[in-house]
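Trainee: Structure for this input, please:
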Amino acid sequence: MFLQRFLLGTAALVLPALPAIAQGPLAEPPASTEAEPQTTTAGTPRDIVVTAPFAQSETDVLSGTSIVSGEELQRALRPTIGETLARQPGVSATSFGPNASRPVLRGFQGERIRVLTDGIGSIDVSNTSVDHAVAINPLIAERVEVLRGPSALLFGSSAVGGVVNVIDTRIPRTVPENGYRVGGNATYGSAANERSGSAAADVAVGAGFVVHADGSYLKTGDLEIGGFALSRQQRTAALAAAAAQPVDPADPESIDFAANAAIRGRLPNTASETWNVGVGAALIRDGGSLGVSYSRYDSLYGVPVRYATQPGQEQEAPRIDLKQDRVDLRAEVNTGGGIFDKVRLRAAMADYTHAELEPDGAVGTRFFNKGLEGRFELVQANRGGWLGASGVQVFNRRFDVEGDEAFLPRNETTQVGLFTLQQFNLGDFRAEVGGRYETSTLSARTAADPERFFSGTRDFDTYSASAGASYAIAQGVRIGMNGSRTERAPSAEELFANGPHAGTQSYELGNPDFRKEESWGLEATLHAHGSGFSFDASAYYNWFSNYIYETQVAAPVCVAAAGGDVDLPCFRYSQADARYYGLEAQGSVTLARVGGYAINADAVGDWVHARVVDTGPVPRIPPLRLLGGLEAQGDRLTARAEVEHSFKQDRVTTFETPTGGFTLVNASIALKPFGAANATTLTLSANNIFDVVARRHASFLKDFAPLAGRDLRATLSFRL
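Mentor: Numbers count the residues shown, from 1 in each chain. Next up, the predicted model:
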C-alpha cells in the first residue's frame, strides 16, 4: 500500500505539469549524427553518462565507468548481458552456460550488483541463483553503461559492487526527424547455431506523440566447446569412479562415469529459444515528456549438466521456462530553471514466473516474483557550477518458490531510500558529495513447513555516504579521489534460505539473525584524454565488516536445520570482516594514419584480490586479465584483431578448485556497404580462433561447462 501511495503522490506532483507539456511547443529533433562516430544513433554523445542524474562526461564521474554502444556494442553483442560486457575493464561474468550469465563487477556478484533497464531493476530472480537468467534482452539495447564504485549507490544500497544499466528505446525519448525511425539487426553464430533477429520502430503520429514497437527472436542449439566438458580434475575423478563402480546395464539409474569423462566438443542441454516483444508511446514536448511501455519476455533454455564424478552424486539436465510481463513509466518535466531544472518520475512493475522442468517435461519447481520499483528525482538547476539531484526510491518484491527446490519461504521485501548527489565545478577543481538513507523490511511467511523455515520480520536502517574530488593537472588530464561509507541490509536469501538448491548443487542455509553489512572504501582515478589517445584507470580498496559470504560446513549442520537427511553439500551463510582491493585500466592510442585509416592500439587490464579475514580467499574471484587490440578504423571499414589472456587463479578457498589460464584470439571486420553516412553495418567476427578450452573462475560451473569454442559470427544492423 505504501508503494501505491508513493506512486500516486509523485504522480500528483508530475501530472499538473502535463497540460503544459501537451500544449507546449514540439521538441526539435536532434541534428542527424549518423556520420559522427562518437554519437549514438539516437543523438546522445557517447561519452555522456545517461545513468547519471544530470548530464556529465564519462571523464567527470569519480569512479570507474564504461559505456558500450555503436559498433563496439554490435561486435560484443551476445544473448546474455554478462557475456556482452565480459571484455570491459573490471567486468567478468557468472557464465552459468550460454543462457544464464550475469555481470561480475570487481569480483562482486549476486546481491552486490544491480542490473537495470533504463534505471530500474530487472525485477526477476537472477540475483537468487546463477542458473536464473536476467530478464533483460541485450538484443534491443541502444547502449549499456557500467558504473563501478560509490556513484552506483544512487540506485540502491545493494549496489556496492556497481550498476549495469541497459538503455533501450522502448519509451521514445525524441521525435523522429523524418516522422519515423526504424532499426534492427540479424545475427548468426556458429558455436551454438545461433539465429537471432530484432527490430524496432518509432513513428510520430501527431504533434509530439510517438509510438514504438519492437520484437526479437533467438534460437540456439547446444554450445560447441573446444575440448572436454569436464575439467582435468573432474575427469580424473570420474574415471576413478568408473573403475571402482562400472555401469550396470540392468540398473536404469546407474551412472556411466566413463561416458561423463569422455564428453567433449559440445555442451549438452544448452539449447535455448527466446522471444521478446514490446510496445510503447510517449508525448514529447519542450516542456517535458510522458511515456509508457509494455513488454513480454519468454525464454526456454537448458542449464548445463553438472555431471556426476563420484558415486552418490546426482546429475540433472534441467530446463527453465521463464516468462515476464512488465509495464514501465517515465515522465520528465522541464521546470525552466530557478531552483530545479527537471522533475523526473521513473517506475516499473512486473509479474515474473519460471518453471524448472525435469527431463520428461514435468515441473519440479516454480519461482514466482511480483515486483514494483519507482524513482522520483528533483534535478537542480546549475547555479554557478553547483549541480545536484535528490530523490526517493521505492522497491517491493513478493517472492515465492514451490516444489522440489523450495529452499526459501514465501517472503516480501520492501525498501524506501532517500538519496542526494551534489557536485561543485570550480574550474580545474571539482568536488562531489552524496548520501543515501534506506529502510528495509524483510518478512518471511510460510505455512508449508513452519518447522524448517523462519517466520517473522527483520527491519534494517542503512546509511551510506560518499565524498570525492578531482583536479585537472593538465589539459585533458584529471586525477581524482573518492571515499565512501556504505551499509547494506541482508537479502531474503541470506536471511531465510534453508533448503536444497540443485542449481548450485548445495543445501543453502541462511541466518535470520544477521546484522547489516558495512564497508569503507577508497578509490583513486586517472582520466587522460587528448588528440589521438585516451587512458582511464582506477585503484580501489574496500574494508568490510559483517561481510556476508557462503562457506561449506559439515553435513550435520544442514541435517539439523532440515530436520532430516541432506543429500547435497552443506553451505551456510556467515558474517566476518573482508577486504577487497584491485586495479583496472583501459587505454588507446592512434599509432598512425594511413590512406584514410586510423591505426589504433588499445588495451584493458584488471585485477582484484579479495579475502575473508582469518579465513582465506573469497570464492569465485576473477584472476588477473589482460586484453590488447589493434584496429584499423576508416569511414566505411574497420578491421580489428585482439588477444585476451586470463591468468591462472590458484588463490582458492577450501571448496574450490584452481582454474587454469587461457588465451583467446579474436578478429572482426565491420563494413558499411552503402557508405559512411549510411547506418547499415555488416560485422563479421571470428572469436576464440584457436578453439581453446576456456573456463571463467567466477562461474559455479567452470569445472563442467567451459566457454564457447571457435565461434564465427555475422551481424547485419540497419537504421532508417
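Trainee: what's the burial count for I140?
Mentor: Per other C-beta atoms under 10 Å, the neighbour tally for I140 reads 24. No exception for glycine: its C-beta is placed from N, CA and C like everyone else's.
Trainee: Equivalent analysis for G403, please.
Mentor: Neighbour tally, G403, other C-beta under 10 Å: 12.
Trainee: Where is the longest strand in this protein?
Mentor: strand 570-594 (DSSP state E).
Trainee: List the buried residues in that one.
Mentor: 570-575, 577-588 (16 or more other C-beta atoms under 10 Å).
Trainee: how about the closest residue to G530 other than its chain neighbours, what does it touch?
Mentor: Leaving aside its chain neighbours, G530 sits nearest to G476 (4.5 Å; criterion: C-beta to C-beta, 6 or more residues apart in numbering). For G476, the contacting residues are 528-530, by C-beta atoms under 8 Å, 6 or more residues apart in numbering.
Trainee: Using PyMOL, make a named selection holding only the buried ones among those.
Mentor: Buried residues within those, by 16+ other C-beta under 10 Å, are selected in PyMOL with:
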select buried, resi 528+529
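Trainee: SS state for the residue of the chain positioned farthest from its centre?
Mentor: Relative to the centre of the chain, the most outlying C-alpha is that of A250, 46.8 Å out, by C-alpha atoms, centre = their mean. The three-state assignment at A250 reads coil, by DSSP: H, G, I helix; E, B strand; the rest coil.
Trainee: hmm, back to that, including pLDDT, secondary structure and distance to G161, could the contacts of G476 go into JSON lines?
Mentor: What follows is the contacts of G476, written out as JSON lines (pLDDT from 0 to 100; DSSP: H, G, I helix; E, B strand; the rest coil; distance: C-beta to C-beta, whole Å):
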{"residue": "A528", "pLDDT": "93", "secondary structure": "strand", "distance to G161": "26"}
{"residue": "H529", "pLDDT": "91", "secondary structure": "strand", "distance to G161": "26"}
{"residue": "G530", "pLDDT": "91", "secondary structure": "strand", "distance to G161": "31"}
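Trainee: In CSV, list the contacts of G476 along with distance to W520.
Mentor: Conversion of these to CSV gives the following (distance: C-beta to C-beta, whole Å):
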residue, distance to W520
A528, 28
H529, 30
G530, 34
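Trainee: Do you have the helices of the protein handy? List them.
Mentor: 2-14, 18-23, 70-76, 81-85, 232-244, 257-262, 492-496, 555-562 (DSSP state H).
Trainee: Poorly predicted segments of the chain, please.
Mentor: 1-46, 55-60, 149-150, 447-448 (pLDDT under 70).
Trainee: coming back round to it: what packs against the longest strand of the chain?
Mentor: For strand 570-594, the packing partners by 3 or more C-beta pairs under 8 Å, 6 or more residues apart in numbering; DSSP states H and E come out as strand 506-509, strand 533-553, helix 555-562, strand 597-612.
Trainee: Give me the angle between it and strand 533-553.
Mentor: 170 degrees (axes from the mean of the first three to the mean of the last three C-alpha atoms, to 10 degrees).
Trainee: What strands line up against strand 570-594, and which way round?
Mentor: Strand 570-594 pairs in its sheet with strand 506-509 (parallel), strand 533-553 (antiparallel), strand 597-612 (antiparallel), by DSSP bridges.
Trainee: most tightly surrounded among those?
Mentor: strand 506-509 (a mean of 23; mean count of other C-beta atoms under 10 Å).
Trainee: can you dump the C-alpha coordinates of it into PDB?
Mentor: The C-alpha coordinates for strand 506-509 follow below in PDB (Å, rounded to 0.1, in the frame of the first residue of the first chain):
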ATOM      1  CA  SER A 506      24.200 -27.200  -2.500                       C
ATOM      2  CA  TYR A 507      22.000 -27.200   0.600                       C
ATOM      3  CA  GLU A 508      21.800 -23.400   1.400                       C
ATOM      4  CA  LEU A 509      21.300 -22.200   4.900                       C
END
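Trainee: So what touches that strand?
Mentor: 407, 493, 497-501, 550, 557-558, 561-562, 566, 568-573.
Trainee: For G564, grab the count of nearby residues.
Mentor: G564 - counted by other C-beta under 10 Å - has 9 other residues nearby.
Trainee: Neighbours of P359, how many?
Mentor: So P359, with other C-beta under 10 Å, has 11 neighbours.
Trainee: tell me the contacts of it?
Mentor: With C-beta under 8 Å, 6+ apart, P359 has these contacts: 316-317.
Trainee: returning to what we had before: tell me the one among the contacts of G476 nearest to I320.
Mentor: H529 (43.5 Å; C-beta to C-beta).
Trainee: For the stretch 201-350 of the chain, which segments count as strands?
Mentor: 209-220, 223-228, 264-267, 272-285, 288-302, 319-337, 340-357 (DSSP state E, counting those that start in this stretch).
Trainee: Indicate which one of those is closest to T659.
Mentor: Short answer: strand 223-228, nearest of the strands of the stretch 201-350 of the chain by C-beta to C-beta, at 14.6 Å.
Trainee: And the closest one, what does it pack against?
Mentor: Here strand 223-228 touches strand 264-267, going by 3+ C-beta pairs under 8 Å, 6+ apart.
Trainee: Now the strand it packs on: buried residues?
Mentor: In strand 264-267, counting by 16+ other C-beta under 10 Å, buried: L267.
Trainee: ok, the residue lying closest to T680 once chain neighbours are set aside to D47 distance?
Mentor: Of all residues not flanking T680 in the chain, F718 sits nearest, at 4.5 Å (C-beta to C-beta, 6+ apart). Applying C-beta to C-beta, to the nearest Å, the value for F718 to D47 is 25 Å.
Trainee: isn't D565 right next to A555, touching?
Mentor: No - using C-beta atoms under 8 Å, D565 is not in contact with A555; the gap is 9.4 Å.
Trainee: higher neighbour count, these two?
Mentor: A555 (15 against 8).
Trainee: Identify the residue spatially nearest to that one, adjacent ones excluded.
Mentor: Closest residue to A555 apart from its sequence neighbours, by C-beta to C-beta, 6+ apart: C570 at 5.1 Å.
Trainee: thinking that neighbour is in contact with T551, fair?
Mentor: No - the pair C570 / T551 is not scored as a contact, 9.8 Å apart, by C-beta under 8 Å.
Trainee: mind putting the strands of the stretch 201-350 of the chain in JSON lines, distance to R173 included?
Mentor: Shown next, in JSON lines, are the strands of the stretch 201-350 of the chain (distance: least, C-beta to C-beta, whole Å):
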{"stretch": "strand 209-220", "distance to R173": "9"}
{"stretch": "strand 223-228", "distance to R173": "36"}
{"stretch": "strand 264-267", "distance to R173": "40"}
{"stretch": "strand 272-285", "distance to R173": "7"}
{"stretch": "strand 288-302", "distance to R173": "7"}
{"stretch": "strand 319-337", "distance to R173": "9"}
{"stretch": "strand 340-357", "distance to R173": "12"}
